[in-house]
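1. Mind looking at a prediction? Sequence and model below.
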Amino acid sequence: MIIDSDVVTLSRVQFALTALYHFLFVPLTLGLVWMLAIMESVYVMTGREVWKRMVQFWGVLFGINFAMGVATGITMEFQFGMNWAYYAHYVGDVFGTPLAIEGLMAFFLEATLVGVFFMGWTRISRVSHLLVTWFLALGTNLSALWILIANAWMQNPVGAKFNPQTMRMEVTSFSDVLFNPVAQAKFVHTVSAGYVVGSMFVLSISAWYLLRGRNVDFAKRSMTVAASFGLAAALSVVVLGDESGYAVSENQKMKMAAIEAMWETEPPPASFTVFGIPDVQNRTTHFALHVPWVMGLIGTRSLDKPIPGINNLVEDTKGKIGDGIQAYDAMLTLRKNPNDAQANATLSQYDGDMGYALLLKRYVADPRQATPADIQKAADSTIPNVPVLFWAFRIMVACGFYFIALFAYAFWLASKRQLDNKRWFLRLALCSLPLPWVAAELGWVVAEYGRQPWAIEGILPTSLGVSSLTAGQVWTSLGGFVLFYTALAVIDATLMAKYARKGPDELGLWPARDIDPAYSTSKA
Amino acid sequence: MLMSSAGSDHHPPPRRPLRRLSVELILIVLAKIAFLSLIWWIVASHYPRPDTRPAAIEHLLAPSPSTTPEAKP
């Protein structure tokens, strides 16, 4: 083995764990902050104190989430240097800019506005405070935009070109990076998923108050806001997810084929596999239940464009590896003689495929010496983990449709003023609390695990981006993160549960007399 | 059916039960920074920076006798 696969695997596991952990906090911040803005807008428009108290109470839980999430994102940025030094060098010119802007947005804009939000209630006017809350919501979402622009570039590397003299990717068009269609689709899909998380958080905790007969009026108003915002968000997340899926089918055909466990190219329009058991060994899907046309219509928005299957894509990849070897050879020639016109022409023609030659580095030191067997192995390595992607995607989508049904019913109950009458629904809403997080994390599993074996799609294999560390070092940092983050998770869950259980009444934000007498009587 | 609430917009301002929470959260953030710094100090601080000169990257991508990186960690 040419590359220390333990270091690569451990570094991937470490990054995945820290990223998934970070994204426990991010979507709640993204969603809850808009709900605070909506509630405070109602307070400013109506002048009714209850809406201010709602902002203050949900603001406490927002503050806990924000504080617990602080510094979990910077961990990932440091890992680019610690564990992925060659990745950071190779694409740092492109990747670093949106990352730096995101850092400025997150740390300076967001942190400042969070401070004014909590300290400003008695120091600035109502309208000024409302503006702060709205800018906090905008700033939070803008920082998400920049990190998603950086991530989208890893999925669809546009606006950059390889420079053989510096041996790194360099920006050719920042506007192309900025307006990358994958970034736009990913941004709206991700933030709307965050809005669903925020809505479910408010809906579930409010449902618990209603089940306990506490803070009844407070909880019903909160649920009404959550149901309205949540329904709009759940509908958006599905519609915008379709846009994100279309971007994948345009730019990451192997990921799309793996999500569908589509081994062979079907005559268009391709069917959608609702259920099946992907068999990687035999490259088939057992017990597949197909719905005709659906995948073709979603993935290509046409009736006559095919969605290529995994086996066909592997064959295409072998051709790209051949072209990549030519680019690779030209690159090495240019390293010795930058003025070699023939090598320049060859590199210009094939540089888009040079990354495919780098896939061979797992099997042979010099890709130019690769045998057909090496090329076959490298081509096969472009198939991601099909069963994981297949099921992660389906569970995520099922959750998405469940959220639409749940929020639609909550909205209907709210409009009929019957939110506290259906105890089965309140229990269902409470039990649904973890589901938006499950869906959001699975979405990232599909996006990132589905990109493997690439760190930058078609440009840089993940295994070449890793730092020259020892497995022992990565075990140490991984162990440290697991212990530390587990402790933080316990503290976070304890604090959240403690203050949610206290509620606005015990926190002195709402009169304790806001109780349901029927409940009190029945309990007595 | 409620004993009161919707109409009762006039009630005393909240006490300050959140002061302890604020202190706890600030301490948690400081502890996080300290622990993350500790992990970095144990794992990475003593380690030489990776060699990212073009020649070293060339060596990473295509090892050959003519390009020997000097400070590859």
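-> Noted; the coordinates are in hand.
2. quick one: A:Leu138 from A:Val248, how far?
-> A:Leu138 is 28 Å from A:Val248, where distance means CB to CB, to the nearest Å. For the C-beta atoms, the positions are set from N, CA and C on the backbone; glycine is no exception.
3. Give me the more crowded residue out of the two.
-> A:Val248 (24 against 16; other CB atoms under 10 Å in any protein chain shown).
4. In chain B, spot the helix with the most residues.
-> Longest helix in chain B, counting residues (DSSP state H): helix B:19-43.
5. Counting neighbours, which bits of the very next helix or strand once past it end up buried?
-> Going down the chain from helix B:19-43, the next helix or strand is helix B:54-61, by DSSP states H and E. Buried residues in helix B:54-61, counted by 16 or more other CB atoms under 10 Å in any protein chain shown: B:54, B:56-61.
6. can I assume A:Asp6 is in contact with A:Leu469?
-> No. The pair A:Asp6 / A:Leu469 is not scored as a contact, 10.0 Å apart, by CB atoms under 8 Å.
7. Of the two, give the one with the bigger neighbour count.
-> Neighbour count, other CB under 10 Å: between A:Asp6 and A:Leu469, A:Leu469 has more, with 22 against 14.
8. out of the buried residues of helix B:54-61, which touch chain A?
-> B:54, B:57-58, B:60-61 (CB under 8 Å from any CB of the partner chain).
9. hang on, the earlier thing: buried residues, the longest helix of chain B. List them.
-> For helix B:19-43, burial by neighbour count (16+ other CB under 10 Å) applies to B:21, B:25, B:28, B:32, B:35-36, B:39-40, B:43.
10. what's near enough to touch A:Trp51?
-> Neighbouring residues of A:Trp51 by CB atoms under 8 Å, 6 or more residues apart in numbering or on different chains: A:39-40, A:42-43, A:221.
11. I'd like those as TSV, with neighbour count, distance to chain B and secondary structure appended.
-> Converted to TSV, the contacts of A:Trp51 look like this (neighbours: other CB atoms under 10 Å in any protein chain shown; distance: CB to the nearest CB, whole Å; DSSP: H, G, I helix; E, B strand; the rest coil):
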residue	neighbour count	distance to chain B	secondary structure
A:Met39	24	15	helix
A:Glu40	24	16	helix
A:Val42	17	13	helix
A:Tyr43	21	11	helix
A:Arg221	23	8	helix
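12. Show me where chain B dips below the pLDDT cut-off.
-> Under the criterion pLDDT under 70, the flagged ranges of chain B are B:1-17, B:62-73.
13. same thing with chain A?
-> For chain A, the stretches with pLDDT under 70 are A:1-4, A:512-524.
14. per-domain residue ranges of it.
-> Under the assignment automatic domain parsing, the domains of chain A span A:5-252+A:386-449+A:451-517, A:310-380.
15. And A:Val26, how close does it get to A:Asn141?
-> 11 Å.
16. Neighbour count for those two, which is higher?
-> The residue with more neighbours, out of A:Val26 and A:Asn141, is A:Val26; 24 against 19, by other CB under 10 Å.
17. Surely A:Val114 forms part of a helix?
-> Yes. Judged by DSSP: H, G, I helix; E, B strand; the rest coil, A:Val114 forms part of a helix.
18. isn't it right up against A:Leu136?
-> Yes. Using CB under 8 Å, A:Val114 makes contact with A:Leu136 at a distance of 6.5 Å.
19. which one of those two has more residues nearby?
-> Neighbour count, other CB under 10 Å: between A:Val114 and A:Leu136, A:Leu136 has more, with 25 against 22.
20. for the helix or strand that contains that one, packing partners?
-> Taking DSSP H and E as the definition, A:Leu136 sits inside helix A:126-155. With contacts taken as 3 or more CB pairs under 8 Å, 6 or more residues apart in numbering or on different chains; DSSP states H and E, helix A:126-155 sits against helix A:5-46, helix A:85-104, helix A:111-119, helix A:174-178, helix A:181-212, strand A:454-456.
21. List the buried residues of that helix.
-> Quick answer for helix A:126-155 (16+ other CB under 10 Å): A:129-155.
22. which stretches of chain A form strands?
-> Assigned by DSSP state E, chain A shows strands spanning A:160-163, A:168-171, A:272-279, A:284-291, A:454-456, A:460-461.
23. Columns distance to A:Tyr402 on top of the helices and strands packed on helix A:126-155, output as CSV?
-> Output for the helices and strands packed on helix A:126-155, formatted as CSV (distance: least, CB to CB, whole Å):
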stretch, distance to A:Tyr402
helix A:5-46, 17
helix A:85-104, 31
helix A:111-119, 32
helix A:174-178, 35
helix A:181-212, 11
strand A:454-456, 32
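24. Can you pick out the most distant pair from the contacts of A:Trp51?
-> Largest separation among the contacts of A:Trp51 by CB to CB: A:Glu40 and A:Arg221, giving 13.1 Å.
25. returning to that earlier point: and the angle from the helix holding A:Leu136 to helix A:111-119?
-> Helix A:126-155 runs at 150 degrees relative to helix A:111-119, counting by axes from the mean of the first three to the mean of the last three CA atoms, to 10 degrees.
26. check contacts around the residue nearest the centre of chain A.
-> For chain A, A:Trp444 is the residue whose C-alpha lies nearest the centre (CA atoms, centre = their mean; 4.3 Å). Contact analysis of A:Trp444 by CB under 8 Å, 6+ apart lists A:19-20, A:23.
27. Likewise for A:Leu99?
-> Taking CB under 8 Å, 6+ apart, we find A:Leu99 in contact with A:77, A:80, A:146-147, A:150.
28. Kindly recompute the last result at 10 Å.
-> A:76-77, A:80, A:88, A:92, A:146-147, A:149-151 (CB atoms under 10 Å, 6 or more residues apart in numbering or on different chains).
29. rewinding a little: dump the domains of chain A into CSV; add distance to A:Pro278 as well.
-> Converted to CSV, the domains of chain A look like this (distance: least, CB to CB, whole Å):
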stretch, distance to A:Pro278
domain A:5-252+A:386-449+A:451-517, 5
domain A:310-380, 10
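30. what's the closest of those domains to A:Thr285?
-> For the domains of chain A, proximity to A:Thr285 was assessed by CB to CB; domain A:5-252+A:386-449+A:451-517 is nearest, at 8.1 Å.
31. Now do that closest one: distance to the chain's middle.
-> Between the centre of domain A:5-252+A:386-449+A:451-517 and the centre of its chain there are 8 Å (CA atoms, centre = their mean, to the nearest Å).
32. Isn't A:Phe484 up against B:Ile28?
-> No. If you go by CB atoms under 10 Å, A:Phe484 and B:Ile28 don't touch, sitting 11.7 Å apart.
33. which non-adjacent residue is nearest A:Tyr363?
-> What sits nearest to A:Tyr363 in space, not counting adjacent residues and going by CB to CB, 6 or more residues apart in numbering or on different chains, is A:Asp374, at 4.5 Å.
34. what about the nearest residue in space to A:Ala257 that is not next to it in sequence, how many neighbours?
-> Spatial nearest neighbour of A:Ala257, excluding adjacent residues (CB to CB, 6+ apart): A:Ile310 at 4.7 Å. Using other CB under 10 Å, A:Ile310 has 25 neighbouring residues.
35. What parts of the stretch 251-400 of chain A come near chain B?
-> Taking CB under 10 Å from any CB of the partner chain as the criterion, the stretch 251-400 of chain A approaches chain B at residues A:328-329, A:331-332, A:335-336, A:354, A:357-358, A:361, A:365-368.
36. 8 Å instead?
-> Proximity of the stretch 251-400 of chain A to chain B, by CB under 8 Å from any CB, involves residues A:328, A:332, A:335, A:358, A:361, A:365-367.
37. For the residues you listed, pick the one with the most neighbours.
-> A:Tyr328 (28 neighbours).
38. how about it, what does it touch?
-> If you count contacts by CB under 8 Å, 6+ apart, A:Tyr328 has them with A:354, A:357-358, A:367-368, B:61-62.
39. can you do 10 Å?
-> Listed by CB under 10 Å, 6+ apart, the contact set of A:Tyr328 reads A:321, A:346-347, A:350-351, A:353-358, A:360-361, A:366-368, B:61-62.
40. ok, now A:Val197?
-> A:23-24, A:26-32, A:230, A:233, A:403, A:433, A:435-437, A:439-440.
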